[in-house]
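**Student:** sequence and predicted structure are below.
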Amino acid sequence: MAQSYVSSDLFVQGSLSAKQTVLSAGCVNDAAVVAGAGIEATKVVHQFAKSVDQKPGTAVVAATDLVHQVFPAGTTVSVIAGLLVSVVTPPTGTDTVTIDLKRSTGGGAFASVLSAALVLSSSTPALTPQSASVASPDLNGSDLLEIVVTVSGASAEGLIVEVFLRENPQ
């Protein structure tokens with residue numbers, strides 16, 4: 001059957017029905033999706049945070065915490081969107097708190113994904129998020145993430161570390 005071609009705008013006052021509709025790439029954007037559209041989770045990118053905290057009023061201590069396991073196994077499915085750290089009472093004098101985000105791939109040793117570990121010192125403002133640059137953001141299925149806190153001294157109190165992740169549709 002021959003196709004008809006319309007070379008100008010077309011307005012349909014009533015309903016338009018078709019057996020199949022093929023949309024041009026990029027023609028559906030965020031504004032075109034109505035609130036409550038009910039799009040399946042397997043079709044959208046999910047952004048979420050994983051966090052580790054140490055209570056205000058207590059000294060920050062060294063700790064290593066597993067925070068995420070990527071699912072499913074196989075291809076690149078997630079990216080690390082960012083890392084934020086806040087301290088309630090910053091270190092004083094020469095004391096420091098160092099934060100690193102590490103990944104294990106395929107059961108291998110954990111290695112940093114940051115350009116450089118984030119160091120909190122006496123010049124770090126209280127209750128102000130500090131960010132670290134992520135050098136290796138791609139995550140593959142079955143990767144593990146851990147947050148490592150190392151401490152010099154005992155003057156820093158209260159800590160929250162959040163890693164922001166984005167998972168692609170499956």
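**Tutor:** Thanks, I have it. Numbers count the residues shown, from 1 in each chain.
**Student:** what are the ranges of the helices in this protein?
**Tutor:** With DSSP state H as the criterion, the chain has no helices.
**Student:** show me where pLDDT drops low in it?
**Tutor:** 1, 72-76, 170 (pLDDT under 70).
**Student:** what about the strands in it?
**Tutor:** Listed in chain order, the strands found in the chain under DSSP state E are 46-59, 63-69, 76-89, 96-104, 111-112, 118-120, 130-131, 138-140, 144-152, 157-167.
**Student:** Ala32 is nearest to which of those?
**Tutor:** Within the strands of the chain, the stretch nearest Ala32 is strand 46-59; the backing value is 20.0 Å (C-beta to C-beta). Glycine gets a C-beta too; all of them are placed from N, C-alpha and C.
**Student:** distance check, Ala32 against Ala117.
**Tutor:** Remark: distance between Ala32 and Ala117 (C-beta to C-beta, to the nearest Å) = 42 Å.
**Student:** more neighbours: these two, which one.
**Tutor:** Taking neighbours as other C-beta atoms under 10 Å, Ala32 and Ala117 compare with Ala117 leading, 14 against 8.
**Student:** report the separation between that one and Val85.
**Tutor:** In terms of C-beta to C-beta, Ala117 sits 11 Å off from Val85.
**Student:** do the same with Ser121
**Tutor:** Ser121 is 12 Å from Val85, by C-beta to C-beta.
**Student:** neighbour count: those two, which is higher?
**Tutor:** Neighbour count, other C-beta under 10 Å: between Ser121 and Val85, Val85 has more, with 23 against 16.
**Student:** pretty sure the more buried one contacts Leu127?
**Tutor:** No: in this structure, Val85 is not within contact of Leu127 by C-beta atoms under 8 Å, at 11.4 Å.
**Student:** what sits in contact with each of the two?
**Tutor:** Common contacts of Val85 and Leu127 (C-beta atoms under 8 Å, 6 or more residues apart in numbering): none found.
**Student:** perfect, that will be all.
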